[in-house]
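Engineer: 3D, please:
(2 chains)
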Amino acid sequence: MSLTAAVFVALVLVASALGFTAARRNGGDLRALDEWALGGRRFGTLLSWFLLGGDLYTAYTFVALPALVYGVGALGFFAVPYATIAYPIVFLLLARFWSVAHERGYMTAGDFVRGRYGSRSLEIAIAATGVLAALPYIALQIVGMKAVLAQLGGIFSFGGGAMPLAIAFALLAAYTYIGGLRAPATIAVFKDILIYITIAAAVVIIPHALGGWKSIFAAAGNALASPTHPLPLLVAPQMQFAYATLALGSAFSLFLYPHAITSLLSARSADVVRRNAALLPLYSILLGVIALLGFAALAAGIHAPPNEIVPILFARYFPPWFAGLADATIVIGALVPASIMALGAANLFLRNVVAPLSGRAPSREAGTTKWLTLAFCALSLVLVLSVNVKFAIYFQLLGGAWVLQTAPAIFFGLGGRSLPARALLAGWFAGMLAATSFALMDGFAPNVALHVGSFTLIGFIAIYAVAINLGVALLAALLLRDRTPQREIA
Amino acid sequence: MARRAWYWLLALPFIALLDVPIYNRIDPRWDGIPFFYWYQLAWVVLTAALLGIVYLATRERAR
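Structural biologist: Next comes the predicted model:
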C-alpha cells in the first residue's frame, strides 16, 4: 500500500472510531427519539457550528463546485453569494423556526406544518418532498467519495470502487444506528479540522506552484474562452439573472432540507442559532477558495472528468502523505452529511408520512427510525452503484427545485397570519408540477429561458416554480375566502 | 434604536450580491484576482460582520 493510501485508511478509521464512541459520551438515553435524532437538543455554539458546517459544506460541494467552475467558469461561482445570503435568512427566519419548534416539541418541518395548519395532507406533502430531495443528496456524497477512490486507484477503485464504498457505508450506517446525531456531530469536529488544514495548504501550495493567481486567471480565461462566451471569467450578460436567481433560490432552500433542519433543531437555544448565522460564513470563504481550484486545474492543464480534478490536484502538488490526508478529508466530509441526511430523512418519513397515513401518533422511541436510517443508507448506495452518476446529479438538482416549493408553507407559517392549508397545498402542487416540467422540458438544465414577447429572461427553474406556487396559493386563498365564512387561521 | 430597525442592515448583502451587473467586471484586480471574485468574497466577510453587529444590538437580556 502506498503512503498516500496508508494515511488515507488510517484517518478514515480514526473518524469511524470517533463515531462509534460518540454514543458513550454526554449521557442521555439513546432509546428516546429526541436523544437519538437531535442529540437531546443540547448542542452549544461550537458543536452546532461544526455540525452545521459538516452538514452544509459537504464532500460533494468540495468536488462538484470546482468541477463546475472548471467546466463553465464564472457562473459556477454562484455558490459563494448563495452561501452568503443564506445566513441572514437563518438569522431572521430559522432562529424563529427554532423557537416555535422548541416550544411545541416539533422535530421536523412536517411536525411544524401539522401543528401550525392542522392539515395532515399538507404535512404529508411537505414531508414527502423533503424525503425525495434528501435521497439524491445522499447519493451525491457517494459520488464525491467515488472520485477520491478512483484517484487512489489499486484496490480502492476495484469494481468501480463498489467494495470500498460498501465498507464505508456499512461503517457509516453502523455508527449512526448506535449513536444517532451524536456520531456525525463528533466526527464533524475532526473532519472540519482536516478541511481547514487541507484548504490552508491548498491555497498556499497550489497557486505558488502555478505562478500566482494572476497567471492562473489568465491561463484559465484562455482555456475556457469560446466564440459564444469570449469572457469566461465573467458572467455572460444574458446569464446575470440566472446567476442571481440560482443564488437566491439555493439560499432559501438550503435550510428546508431535512438534514439542515435536524442540525438546526439540535441547537441548545435560538441564540445559538443566531450566533451560528454570524459564524458559519467562515466556511463560505473556504467554499470560494475551493471553487477557485477549478481555475487552478485549468491553469495546470488537467484534462479529466470534472469530478476528479480536485483529487488530481492534491496528488500532483501535495507530498504523498498529505495527499492521503486531503483525500481522507473528502471521504470523511461525505460520511458526516450522509449520516445526518439519512437520519433526518428517516425521521421525517416515519413521523410525517407513515404515521399520518396509518393514523397513529408518531413514536417517542427511536427504534423504527434507527432501522429506517439503515434502509436509506442502503438505498442511496444502490442508487449510486446502479444508476448513472449524471442521473443522480439531475435528480439532486430537481430535488433542490422541489424542496423550495415547501418554503411558502414554512416561512409564512412563522408569522402571525398565514394562508389556509388548502391554498398552500394547491400552490405546492402547482410548484412541484412546474419544477418537474421545466426540468424535463429542458433536459434537466438548472436554468430555463422565459420568453415574454421579444424579451427573454434566463433564470433558475426553482425560482420560476416557486413564483407559480405563490401565485396559485394566493389565488386559491382569495377563492376560499369568498366561499367559506371568514376564519382566522391561528 | 428599535430592534426592528437593526434588521434592515441585513438587506444589504441581498442588494450587494443579487444585483450582478454592479460587480460583473474584471478591474480593479486585487493581487491578480478579478473584481468579480474578490468583491463576492469580501461580502462573505462583510455579511458575517453585519450579522455579528445585528446579533449584539438585538440580543435580549444580557447585561
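
Engineer: Please make it C-alpha for all contacts and neighbour counts, starting now.
Structural biologist: Noted.

Engineer: of all the residues in chain A, which ones are close to chain B?
Structural biologist: Proximity of chain A to chain B, by CA under 8 Å from any CA of the partner chain, involves residues A:80-81, A:84-85, A:88, A:91, A:212-215, A:217, A:233-235, A:240-241, A:243-245, A:247-248, A:274-275, A:277-282, A:284-285, A:288.

Engineer: Residues of chain B that sit close to chain A?
Structural biologist: B:10, B:13-14, B:17-21, B:24-26, B:31-33, B:36, B:40-41, B:43-45, B:47-52, B:55.

Engineer: need the contact list for A:Ala342.
Structural biologist: A:134-135, A:138, A:259, A:373-374, A:376-377 (CA atoms under 8 Å, 6 or more residues apart in numbering or on different chains).

Engineer: same thing but at 6 Å, please
Structural biologist: A:373, A:376 (CA atoms under 6 Å, 6 or more residues apart in numbering or on different chains).

Engineer: and the nearest residue to A:Gly40 once chain neighbours are set aside, how many neighbours?
Structural biologist: Leaving aside its sequence neighbours, A:Gly40 sits nearest to A:Asp34 (CA to CA, 6 or more residues apart in numbering or on different chains; 5.3 Å). A:Asp34 has 22 neighbouring residues, counting by other CA atoms under 10 Å in any protein chain shown.

Engineer: Toward the C-terminus, what is the element adjacent to the helix or strand A:Asp34 falls within?
Structural biologist: Per DSSP states H and E: A:Asp34 is located in helix A:33-38. For helix A:33-38, the succeeding helix or strand toward the C-terminus, using DSSP H and E, is helix A:45-56.

Engineer: low-confidence ranges in chain B?
Structural biologist: Within chain B, the ranges that satisfy pLDDT under 70 run B:1, B:61-63.

Engineer: my bad, chain A
Structural biologist: A:1, A:23-31, A:154-155, A:157-161, A:361-366, A:387-392, A:443-445, A:450-457, A:482-490.

Engineer: what's around the residue of it found nearest chain B, how many residues?
Structural biologist: Closest to chain B within chain A is A:Lys214: 4.0 Å, counting by CA to the nearest CA. Counted with other CA under 10 Å, residues neighbouring A:Lys214 total 16.

Engineer: so it sits in a strand?
Structural biologist: No: applying DSSP: H, G, I helix; E, B strand; the rest coil, one finds A:Lys214 to be helix, outside a strand.

Engineer: Skipping its backbone neighbours, what lies nearest it in space?
Structural biologist: B:Gly32 (4.0 Å).

Engineer: Against A:Pro230, how distant is the one you found?
Structural biologist: 19 Å (CA to CA, to the nearest Å).

Engineer: Equivalent analysis for A:Phe349, please.
Structural biologist: Applying CA to CA to A:Phe349 and A:Pro230 gives a distance of 48 Å.

Engineer: When the two are compared, which one has more neighbours?
Structural biologist: Legend: neighbour count by other CA under 10 Å for A:Phe349 and A:Pro230, higher for A:Phe349 (24 against 13).

Engineer: what's the helix or strand for that one?
Structural biologist: helix A:320-349.

Engineer: Could you list the buried residues of the helix holding A:Asp34?
Structural biologist: A:33-38 (16 or more other CA atoms under 10 Å in any protein chain shown).

Engineer: for chain B, which helix is longest?
Structural biologist: helix B:35-58 (DSSP state H).

Engineer: do chain A as well
Structural biologist: Longest helix in chain A, counting by DSSP H: helix A:120-152.

Engineer: who does that helix touch, helix- and strand-wise?
Structural biologist: When contacts are defined as 3 or more CA pairs under 6 Å, 6 or more residues apart in numbering or on different chains; DSSP states H and E, helix A:120-152 packs onto helix A:59-72, helix A:109-117, helix A:320-349, helix A:389-404.

Engineer: Most tightly packed of the ones you listed?
Structural biologist: The highest mean neighbour count among the helices and strands packed on helix A:120-152, using mean count of other CA atoms under 10 Å in any protein chain shown, belongs to helix A:320-349: a mean of 27.

Engineer: tell me how far the next helix or strand after that one is from the chain's mean position?
Structural biologist: Counting by DSSP H and E, the next helix or strand C-terminal to helix A:320-349 is helix A:355-358. Centroid separation for helix A:355-358 versus its chain: 27 Å, with CA atoms, centre = their mean, to the nearest Å.

Engineer: Near A:Ile461, how many residues? Count them for me, please.
Structural biologist: By the measure other CA under 10 Å, the count of residues near A:Ile461 is 31.

Engineer: Which single residue of chain B ends up nearest chain A?
Structural biologist: Going by CA to the nearest CA, chain A is nearest to B:Gly32 of chain B, at 4.0 Å.

Engineer: neighbours of that residue, just the number please.
Structural biologist: 17.

Engineer: go on, the one 3 residues further on?
Structural biologist: A total of 18 residues lie near B:Phe35 under the criterion other CA under 10 Å.

Engineer: doesn't B:Ile26 make contact with it?
Structural biologist: Yes: contact criterion CA atoms under 6 Å: B:Phe35 and B:Ile26 qualify, at 5.1 Å.

Engineer: which neighbours do the two share?
Structural biologist: Between them, B:Phe35 and B:Ile26 share no contacting residue, judged by CA under 6 Å, 6+ apart.

Engineer: I'd say A:Gly180 and A:Glu35 touch.
Structural biologist: No: with contact defined as CA under 6 Å, A:Gly180 does not reach A:Glu35; the gap is 7.9 Å.

Engineer: The most centrally placed residue in chain B - nearest residue in space that isn't next to it in sequence?
Structural biologist: The centroid of chain B falls nearest to B:Thr47 when counting by CA atoms, centre = their mean (3.5 Å). Distance criterion CA to CA, 6+ apart; nearest residue to B:Thr47, sequence neighbours excluded, is B:Pro13 at 6.2 Å.

Engineer: what's in contact with the helix or strand containing that neighbour?
Structural biologist: Following DSSP H and E, one finds B:Pro13 within helix B:12-18. For helix B:12-18, the external contacting residues (CA under 6 Å, 6+ apart) are A:Ala244.

Engineer: What are the buried residues along that helix?
Structural biologist: B:13-14, B:16-18.

Engineer: returning to that earlier point: packing partners of the longest helix of chain B?
Structural biologist: helix A:270-279.

Engineer: switch to 10 Å and redo it
Structural biologist: helix A:79-89, helix A:270-279, helix A:281-299, helix B:3-7, helix B:12-18 (3 or more CA pairs under 10 Å, 6 or more residues apart in numbering or on different chains; DSSP states H and E).

Engineer: what angle do that helix and helix A:79-89 make?
Structural biologist: 10 degrees (axes from the mean of the first three to the mean of the last three CA atoms, to 10 degrees).

Engineer: Run the angle between helix B:35-58 and helix A:270-279 for me.
Structural biologist: 150 degrees.

Engineer: chain center to helix B:35-58: distance?
Structural biologist: Chain-centre distance of helix B:35-58: 4 Å, with CA atoms, centre = their mean.

Engineer: Tell me which residues of it come out buried.
Structural biologist: B:35-41, B:43-48, B:50-52, B:54-55.

Engineer: ok, now which ones touch the residue nearest to the spatial centre of chain A?
Structural biologist: Chain A has A:Leu56 as the residue nearest its centroid, 5.3 Å off, counting by CA atoms, centre = their mean. Residues counted as contacts of A:Leu56 (CA atoms under 10 Å, 6 or more residues apart in numbering or on different chains) are A:83, A:254-255, A:259-260, A:263, A:280, A:283, A:336-337.

Engineer: That one and A:Tyr82, how far apart?
Structural biologist: Distance from A:Leu56 to A:Tyr82, by CA to CA: 12 Å.

Engineer: what's near enough to touch the closest residue to A:Phe314 other than its chain neighbours?
Structural biologist: Nearest residue to A:Phe314 in three dimensions, chain neighbours excluded: A:Ala323, at 5.4 Å (CA to CA, 6+ apart). A:Ala323 makes contact with A:3-5, A:7-8, A:152, A:198, A:311-317, A:329 under the criterion CA under 10 Å, 6+ apart.
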